[in-house]
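K.L.:
how would this look folded up:
(chains A and B)
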Amino acid sequence: MSGFQSPRGLRDLLEPLASAHGWAIDRAWAAADAAGYARIELPIAEESGLFERAVGGTSDIVAKELYRLEPRGDDAVSLALRPEATAGAVRAYIQHGMRSQPQPVRLVTVAHLFRYDRPQKGRYRQFTQFDLEAIGDGGPGIDLEVIELGAAYLRNLGLSDVQVHLNSVGCSACRPAYVESLRAYFTPAMHELSEVDQSRLTANPLRLLDSKDPAVIKRVADAPLITDHLCGDCAAHHAAVMAGLATIGVTVLAAPRLVRGLDYYTRTAWEYLLPGEQGQQGALGGGGRYDGLVELLGGPATPAIGFAIGIDRVVLALEERGLLPVRAVGATIVVAGIEPDSVADRVAIASQLRTAGSSARADVSSRKIGRQLESAVRDGARAVIIVEPDGRLTLRDLVKASQAEPAERSEVIAAALRLVQNEG
RNA sequence: GUGGCCAUCGUUCAAUGGUUAGGACCGCGGUUUGUGGAGCCGCAGAUGAGGGUUCAAUUCCCUCUGGCCACCCCA
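P.N.:
Numbering: from 1, shown residues only, chains lettered A, B, ... in the order given. Below is the predicted model of the structure:
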């Protein structure tokens, strides 16, 4: 087969996956609506510099995964496809003066994101995140609200065993000292480390904590924990969050070695995981506090927190567990006809049924009536209306396999609607 | 970006260094001329792309493209 195909890592969503994605997204909006979050739709591209500043120029997301757009015409700045949603949300917060709204500003969006990465199951170059942000409140209470919202969303979808793995990554006052102690711990064993881990030791020792190397994992077990090195404020905040979540009843596991990929996180950091899942599919989402980001992007010093949950991975997990909702794709009523030249009537009648609130479609073929009935049955239709040669209509109940006598149009349409609506 | 496995009709599976690459499902048509998921009959539909080896390649080799797995990283 020659010709075009979808580019690597970019996929078509066909039924039933297309409906499942839409459903998961609808549920995300609804969950946030119910908690009083304001919807925000953000552009799919931003200035490249926004991401470089927010995410960190040396991070993989910017250094090698950013889709940069070719500059066009008189564009003054270079654009990039968004690799994450938080930077844009914070940019919007600053740009629209949301600091003058009651704090925190609660925002929700569903964002299609792009990262130039090697595709794998559950990981695509275009993917979708349910993104929730609360900007302007530094207390542990908002942490509880946000963490719980994400957990409840996943649980209510049917992923009842979702776990929250929680950690604190400290702040600019205490993290640097911890990083140094970590470096000091691993440096004596440097020659035993793999090439990858050696470079991590110099560039970002925190990453050693989730190394896959068995030897390193063993050594990590005795490594200093950040939760033992937090400054007083961070420790108090962390303790309050842990205690609060216990009260709320969210399943929380202390994860003192959890590190997150984006540079801007401070203090509270967490992930939503499914136990038993290996590899990429298990991590459904994650979040964290980013108390320095608003200021970093040019706004006033403002604490904030948010999470991102991967819709693609949620749908994958639901699919593997057989929890995908089934949505009937076919119409409830099919309008068939004996004579081929009745198609216009059929289309008109189907439209009338839809206007009245039913789902209906015309059979626009010139096939024999037997074929039309057969295809209606296979489409899962509840009833068929047959246009007779004399223009009158016959209502056929496909479940009872019974059929009324031909009658006038308005009468039959009313009867069809009654039949369908009686069953909800 | 690194390493590995893989690639046949829309789907799912066969087969082969040598005439027309086979089945099932799906689709379309027929089943004697207007009423149901079955049955029967028929039709359509594929070796991902490009090179190479060979008398001959879908089969062997290379490149590309895409999928999957591990790593990197992350959702």
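K.L.:
give me every residue that touches A:S48.
P.N.:
Contacts for A:S48 (CB atoms under 8 Å, 6 or more residues apart in numbering) come out as A:L66, A:R68, A:V77, A:S78, A:L79, A:A80. (Each C-beta comes from the backbone N, C-alpha and C, glycine too.)
K.L.:
Tell me which of those has the lowest pLDDT.
P.N.:
Lowest in pLDDT among those is A:V77, which has 87.
K.L.:
Now do that residue: how many residues are near it, please.
P.N.:
10 (other CB atoms under 10 Å).
K.L.:
Over to the residue in the stretch 201-350 of chain A positioned nearest to RNA strand B. Which of the three states is it?
P.N.:
Of all residues in the stretch 201-350 of chain A, the one sitting closest to RNA strand B is A:G261 (1.8 Å; CB to the nearest atom of the strand). On the three-state scheme (DSSP: H, G, I helix; E, B strand; the rest coil), A:G261 is labelled coil.
K.L.:
just checking, it touches A:V62?
P.N.:
No - judged on CB atoms under 8 Å, A:G261 makes no contact with A:V62 at a distance of 11.3 Å.
K.L.:
more crowded one of those two?
P.N.:
A:V62 (20 against 14).
K.L.:
do you know how far that one is from RNA strand B?
P.N.:
10 Å (CB to the nearest atom of the strand, to the nearest Å).
K.L.:
What's the first helix or strand after the host helix or strand of that residue?
P.N.:
In the assignment (DSSP states H and E), A:V62 maps to helix A:60-63. Once the chain leaves helix A:60-63, the next helix or strand it forms, by DSSP H and E, is strand A:79-81.
K.L.:
by contact count, what packs against whichever helix or strand comes after that next one?
P.N.:
Sequence order places helix A:86-95 as the next helix or strand after strand A:79-81, per DSSP H and E. Contact here means 3 or more CB pairs under 8 Å, 6 or more residues apart in numbering; DSSP states H and E; on that basis helix A:86-95 packs against strand A:45-47, helix A:48-55, strand A:105-114, strand A:126-135, helix A:293-296, strand A:304-310.
K.L.:
chain center to helix A:86-95, what's the gap?
P.N.:
19 Å (CA atoms, centre = their mean, to the nearest Å).
K.L.:
what's the angle from it to strand A:105-114?
P.N.:
Helix A:86-95 and strand A:105-114 are oriented at 140 degrees to each other (axes from the mean of the first three to the mean of the last three CA atoms, to 10 degrees).
K.L.:
quick one: buried residues of helix A:86-95?
P.N.:
For helix A:86-95, the neighbour count (16 or more other CB atoms under 10 Å) marks A:T86, A:A87, A:G88, A:A89, A:V90, A:R91, A:A92, A:Y93, A:I94 as buried.
K.L.:
what does stretch A:230-244 give?
P.N.:
Going by 16+ other CB under 10 Å, stretch A:230-244 has these buried residues: A:L230, A:C231, A:C234, A:A235, A:H237, A:H238, A:A240, A:V241, A:M242, A:G244.
K.L.:
The fifth one and A:R267 touch, don't they?
P.N.:
Yes - here A:H237 reaches A:R267: they are 5.6 Å apart, a contact under CB under 8 Å.
K.L.:
what's around A:A35, how many residues?
P.N.:
A:A35 has 17 nearby residues by other CB under 10 Å.
K.L.:
Now tell me what touches stretch A:375-384 from outside.
P.N.:
Contacts of stretch A:375-384 (CB under 8 Å, 6+ apart): A:328-336, A:363, A:367, A:372-373, A:395-399, A:416, A:419-420, A:423.
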